[in-house]
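1. Okay, structure incoming, though there's no sequence with it:
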């Protein structure tokens with residue numbers, strides 16, 4: 001047996017298993033998306049079984065496109081994913097640069113910074129929405145109440161009371177409301193995934209060329225110039241990889257949206273699939289195909305960006 005055939009033969013079981021693992025669910029989803037498959041339909045009981053006699057063609061896709069939540073789910077998905085990516089990359093770079101310097105307790109600080117990444121998504125959502133963002137019992141409500149009490153005291157103070165009397169009383173934000181629930185999801189997921197970005201960037205900074213930085217200092221370069229022209233170019237590849245990995249995960253967010261708002265004005269494509277899957281499997285499958293198309297479009301642009309970065 002030639003040297004080329006032996007590695008391929010050894011790899012073939014894993015490749016075949018991976019193809020089966022991917023193609024069978026995708027094939028079933030495609031099949032269900034072209035038939036009428038409704039779990040609970042008393043008037044048409046034949047639709048409750050996945051049969052070719054229930055062929056519908058592109059009817060499920062038309063039904064999903066005409067649903068009132070489809071475009072909103074796409075817009076909300078992109079809003080959540082893009083916001084999380086921007087925040088995690090910016091915060092991750094800044095924190096990684098700050099803790100890259102040697103200081104007492106550096107090891108403990110690094111462990112504490114990374115620990116949020118190991119919290120389960122459902123636990124993370126419950127923690128944030130109930131203990132931190134709740135307008136009555138959470139830290140937000142307590143903080144807003146304390147500030148209002150302090151302002152009341154200052155309004156009665158001599159000399160400066162007139163100034164603080166101009167300040168309005170603060171109102172806590174209800175992050176379960178329709179307009180703000182998406183921001184709650186962005187906040188909690190950013191808190192959980194920023195440590196991942198910090199870990200990647202911090203590891204990359206360990207290999208930064210210190211001689212270039214020393215030469216820049218001798219030439220009189222400011223801290224901002226060193227960061228802009230040396231550190232950021234060095235972090236270009238890690239940033240591209242972090243964006244790629246996080247985009248894949250954040251396009252499938254579900255637990256956070258379910259716990260925060262139950263989908264009330266805050267839906268993405270995975271949540272819309274879950275709503276359809278309660279009864280209409282055909283529509284859920286068609287929505288799943290749309291989600292796959294969206295993920296591939298996002299992946300295409302990200303891969304081009306990463307490929308351009310890696311070639312530079």
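-> Done, it's in. If you're wondering where the values come from, they're calculated on a predicted model, not measured in any experiment.

2. The helix or strand of the chain with the lowest mean pLDDT: what's the following helix or strand?
-> The helix or strand with the lowest mean pLDDT-type score in the chain, counting by mean pLDDT, DSSP states H and E, is helix 210-218 (a mean of 75). Proceeding C-terminally, helix 210-218 gives way to helix 223-226 as the next helix or strand, assigned by DSSP states H and E.

3. what's that following helix packed up against?
-> Applying 3 or more C-beta pairs under 8 Å, 6 or more residues apart in numbering; DSSP states H and E, one finds that helix 223-226 contacts helix 210-218. Where C-beta positions appear, they are placed from N, C-alpha and C, glycine not excepted.

4. Any chance you could list what contacts the helix it packs on?
-> Contact with helix 210-218 is made by 225, 226, 229, 230, as judged by C-beta atoms under 8 Å, 6 or more residues apart in numbering.

5. 6 Å instead, please
-> Residues from elsewhere that reach helix 210-218 (C-beta atoms under 6 Å, 6 or more residues apart in numbering): 226, 230.

6. Over to stretch 283-298?
-> 29, 32-33, 60-61, 63-64, 247, 251, 269, 272-273, 276-277.

7. Any buried residues in it, and which?
-> Buried residues in stretch 283-298, defined by neighbour count with 16 or more other C-beta atoms under 10 Å: 283, 284, 285, 286, 287, 288, 289, 290, 291, 294, 295, 298.

8. Kindly report the same for stretch 84-98.
-> By neighbour count, with 16+ other C-beta under 10 Å as the criterion, the buried positions of stretch 84-98 are 84, 85, 87, 88, 89, 91, 92, 93, 95, 96, 97.

9. now stretch 141-161
-> Judged by neighbour count (16+ other C-beta under 10 Å), stretch 141-161 contains these buried residues: 141, 144, 148.

10. Next: stretch 194-212.
-> By neighbour count, and taking 16+ other C-beta under 10 Å as the criterion, the buried residues in stretch 194-212 are 194, 195, 196, 197, 198, 199, 200, 201, 202, 204, 205.

11. Kindly report the same for stretch 176-189.
-> Applying 16+ other C-beta under 10 Å to stretch 176-189 flags 176, 180, 181, 182, 183, 184, 185, 186, 187, 188, 189 as buried.

12. cool, stretch 31-43 as well?
-> Of the residues in stretch 31-43, those with enough neighbours to count as buried (16+ other C-beta under 10 Å) are 32, 33, 34, 35, 36, 37, 38.

13. And it, how far out from the chain middle?
-> If you compare the mean C-alpha spot of stretch 31-43 with that of the full chain, they lie 32 Å apart, counting by C-alpha atoms, centre = their mean, to the nearest Å.
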